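Engineer: coordinates only, sequence not included:
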Ligand code: GLU
């Protein structure tokens, strides 16, 4: 099944428990607008190329469309639609006044020079500028996009429209209107949510073994926080593969290896494992922090963790969800677990519009409150209706979206 089909199945599960009528569900499944376009790029050697670009504006009944831009060869319309839909659910789960959207370019940015990447980023904005803006649609970073790229995009938007608020893009660098705490927000939010779940399950966190698939911005920051808090990180991986040590890995040392040699697999701190093997390692908490469709009906039965914390978007298929839930493995869904990123994006947007700059302590204090409230709403719904946490989260979100649609 495609990512978008999976996303709609998740919605159906929640809609059924909520008893929503067919018309309401059909409306929730339909994106408001889809942009699919060519992004032209002149390479450094002068040759012209073009890449497929996307923006899906899914739902804005609760506020401006909000969501990142992904640069990855796997990007296609189905994936962007799924990601945009999950953003609409996510902003509603954490109850921030934003809707859902997502964008991307089907490209491998690792094959581009810095100058090419800048031209590509600016070309995406040149096409989308009339359709985005602080009160319309506010893009942000996602896989392979970062503050530098957001700065180029915000600058291009300013050049085209004259809007100097900076609020049309979030995830900018601190010197260009970015928020304190945005860089680490996704990992931080996931960490707060995990703490709440451990407390709700009455699980002691010291020494609990954690395996993390994906060592990008979010996975890496989560690993640092978890290690500091007393969890033992026994396995990590990136796109090239993973390493495992039952006594724990030193995350800072592994990050250094990745920076210097390009991958965690260059580290000699543990045994080499493939990304597939990594998911099935003996551990207490499994953290998929890479891409979609990693835990499927093929491997869900082999997962040994008691908790799956989804920092990636869409890592678990609906069939896998059913298998895990039957084994009473708690899956903390992406729309809750990784919502810290968009929450601090919302704080950034708010600061830009008010011309304020909040301290990191203030940002994290606000983030913690948002994440704890979201967890409680999801947990209570799960308890009340005897559903898994994903269905609980979708029920919370869908209720809020439907309420907003009524006006
Ligand atoms: N790309 C992130 C996500 O999937 C953040 C989106 C945002 O900050 O708008 O939630």
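Structural biologist: Yep, it's here. What you see is a predicted model, and the numbers here were worked out from it, not measured in a lab.
Engineer: how far away is the closest residue to residue 158 other than its chain neighbours from residue 141?
Structural biologist: Counting by Cβ to Cβ, 6 or more residues apart in numbering, residue 158 lies nearest to residue 164, which is 5.5 Å off, once chain neighbours are set aside. Every residue, glycine included, has its C-beta placed from N, CA and C. The gap separating residue 164 from residue 141 is 21 Å, by Cβ to Cβ, to the nearest Å.
Engineer: over to residue 302?
Structural biologist: According to Cβ to Cβ, residue 302 and residue 141 sit 33 Å apart.
Engineer: who in the chain is up against the ligand?
Structural biologist: Residues of the chain lying close to the ligand (Cβ under 6 Å from any ligand atom) are 66-68, 90, 140, 142, 170-171, 313, 338, 341-342, 345.
Engineer: between the residues you listed, which has the most around it?
Structural biologist: Sorting these by how many neighbours each has (other Cβ atoms under 10 Å) puts residue 67 first, at 33 neighbours.
Engineer: okay, and that one sits in which element?
Structural biologist: In this assignment (DSSP states H and E), residue 67 forms part of strand 65-71.
Engineer: give me every residue that touches the residue nearest to residue 359 when sequence neighbours are not counted.
Structural biologist: Using Cβ to Cβ, 6+ apart and skipping the chain neighbours, the partner closest in space to residue 359 is residue 180 (6.2 Å). By Cβ atoms under 8 Å, 6 or more residues apart in numbering, the contact set of residue 180 is 174, 357-360, 362-363.
Engineer: ditto for residue 248
Structural biologist: Neighbours of residue 248 in contact, by Cβ under 8 Å, 6+ apart: 232-234.
Engineer: phi, psi for it please.
Structural biologist: phi 110, psi 150 (degrees, to the nearest 10).
Engineer: per-residue confidence for it?
Structural biologist: In this model, residue 248 is scored at 97, pLDDT.
Engineer: got phi/psi on the residue lying farthest from the centre of the chain?
Structural biologist: Computed with Cα atoms, centre = their mean, the residue of the chain farthest from its C-alpha average is residue 46, at 35.4 Å. Reported as degrees, to the nearest 10, the phi and psi values for residue 46 are phi 90, psi -10.
Engineer: so how far is the ligand from it?
Structural biologist: Going from residue 46 to the ligand by Cβ to the nearest ligand atom, to the nearest Å gives 34 Å.
Engineer: and that residue, what does it touch?
Structural biologist: For residue 46, the contact set (Cβ under 8 Å, 6+ apart) is empty.
Engineer: quick revisit: which one of residue 302 and residue 141 has more residues nearby?
Structural biologist: residue 141 (26 against 13).
Engineer: doesn't residue 56 lie inside a strand?
Structural biologist: Yes - counting by DSSP: H, G, I helix; E, B strand; the rest coil, residue 56 is found in a strand.
Engineer: shouldn't it be in contact with residue 99?
Structural biologist: No - counting by Cβ atoms under 8 Å, residue 56 does not reach residue 99; the two are 11.4 Å apart.
Engineer: can you turn the buried part of the contacts of residue 180 into a PyMOL selection?
Structural biologist: A single PyMOL command selects the buried members of the contacts of residue 180 (16 or more other Cβ atoms under 10 Å):
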select buried, resi 358+363
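Engineer: with pLDDT as extra columns, can I get the contacts of residue 180 in TSV?
Structural biologist: As requested, the contacts of residue 180 are exported to TSV (pLDDT from 0 to 100):
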residue	pLDDT
174	97
357	97
358	98
359	98
360	98
362	98
363	98
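Engineer: which one of the contacts of residue 180 is nearest to residue 307?
Structural biologist: Taking Cβ to Cβ as the measure, residue 307 lies nearest residue 363 of the contacts of residue 180, at 26.3 Å.
Engineer: which residues are in contact with residue 351?
Structural biologist: Counted by Cβ under 8 Å, 6+ apart, residue 351 has contacts 177, 179, 357-358.
Engineer: where's it, which helix or strand?
Structural biologist: Secondary-structure assignment from DSSP H and E places residue 351 in helix 340-354.
Engineer: that helix: which residues count as buried?
Structural biologist: Along helix 340-354, these residues count as buried under the neighbour rule (16+ other Cβ under 10 Å): 340-352.
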